[in-house]
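> Have a look at this prediction, sequence included:
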Amino acid sequence: MPFEGAGHALSTGGFADALQALSRALEALGSPFAIIGGVAVIANGVSRSTVDIDATVSAQAVEPERLAAALAHQDILPRIEGALEFARSRHIFLAEHRPSGVPVDISLAWLPFEEEAIAAAEERDFAGVRTRVARPADLVIYKMVAARPRDLDDIENLLAVHGRTMDLRRIRAVVADFAAVLEDEERPAVLKRLLRQAGLG
């Protein structure tokens, strides 16, 4: 069953258990982290559903092996063969909270923007779990990088709820930097359109 709602509106015990287990594992690592993805969007007041949990952890002081060991202590285990090698090459550890079956993806953060987003994450009580959640403005940037249809919907909703309190100049600049690296001129144009639709352009 998907976790759905805004804030704490609706939840399932298994999903909350998975979020609690992940938070405990990442806190035990002692490396900065933040919850991102759909859970963070919901925590920031947008009504939508999600079936998995995404997090990011600073890779400066944690290796995939140590991450895997901390997760295993909370019954979060790899969901693919070769998960450690995949994490080293793709910078993401694909796992599952075995008691609930909730997929858990942990990205290993290396980029300055990612480190800034983690450092600025805010503690929230969410679905009965106290954890660190990325700010709305940083979620907009993460989602502009992914730029899937669901991500663009999330951006539109985040801008509607929080746009007037965001540092839009920073968002534009970081998205432009990513677009230059990706050699994609469309992302800044898409962001401009979304800001204009939200009355912020």
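Sure, I can see it.
> contacting residues for the spatially most central residue of the chain?
Centroid-nearest residue in the chain, with CA atoms, centre = their mean: residue 36, separated by 1.5 Å. Residue 36 makes contact with 54, 55, 56, 107, 117, 134, 138, 139, 142, according to CB atoms under 8 Å, 6 or more residues apart in numbering. Every C-beta, even on glycine, is put in place using the N, C-alpha and C of the backbone.
> How about residue 80?
By CB under 8 Å, 6+ apart, the contact list for residue 80 reads 86, 94.
> redo that, cut-off 6 Å
residue 94 (CB atoms under 6 Å, 6 or more residues apart in numbering).
> immediately after the helix of greatest length in the chain, which helix or strand?
Longest helix in the chain, counting residues (DSSP state H): helix 13-29. Remark: after helix 13-29, the chain's next helix or strand is strand 33-36, criterion DSSP states H and E.
> can you dump the C-alpha coordinates of that following strand into PDB?
Provided in PDB are the C-alpha atoms of strand 33-36 (Å, rounded to 0.1, in the frame of the first residue of the first chain):
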ATOM      1  CA  PHE A  33      22.000  12.700   5.600                       C
ATOM      2  CA  ALA A  34      18.600  13.900   4.400                       C
ATOM      3  CA  ILE A  35      15.400  12.300   3.200                       C
ATOM      4  CA  ILE A  36      14.600  13.300  -0.300                       C
END
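> How far off centre is that strand?
5 Å (CA atoms, centre = their mean, to the nearest Å).
> Next: stretch 186-201.
Put simply, stretch 186-201 sits 22 Å off its chain's centre (CA atoms, centre = their mean).
> can you list contacts of that stretch?
Under CB under 6 Å, 6+ apart, the answer for stretch 186-201 is 144, 155, 156, 159, 160, 163, 175, 176, 179.
> try 8 Å
For stretch 186-201, contacts defined as CB under 8 Å, 6+ apart pick out 144-145, 147, 152, 155-156, 159-160, 163-164, 168, 171-172, 175-176, 178-179.
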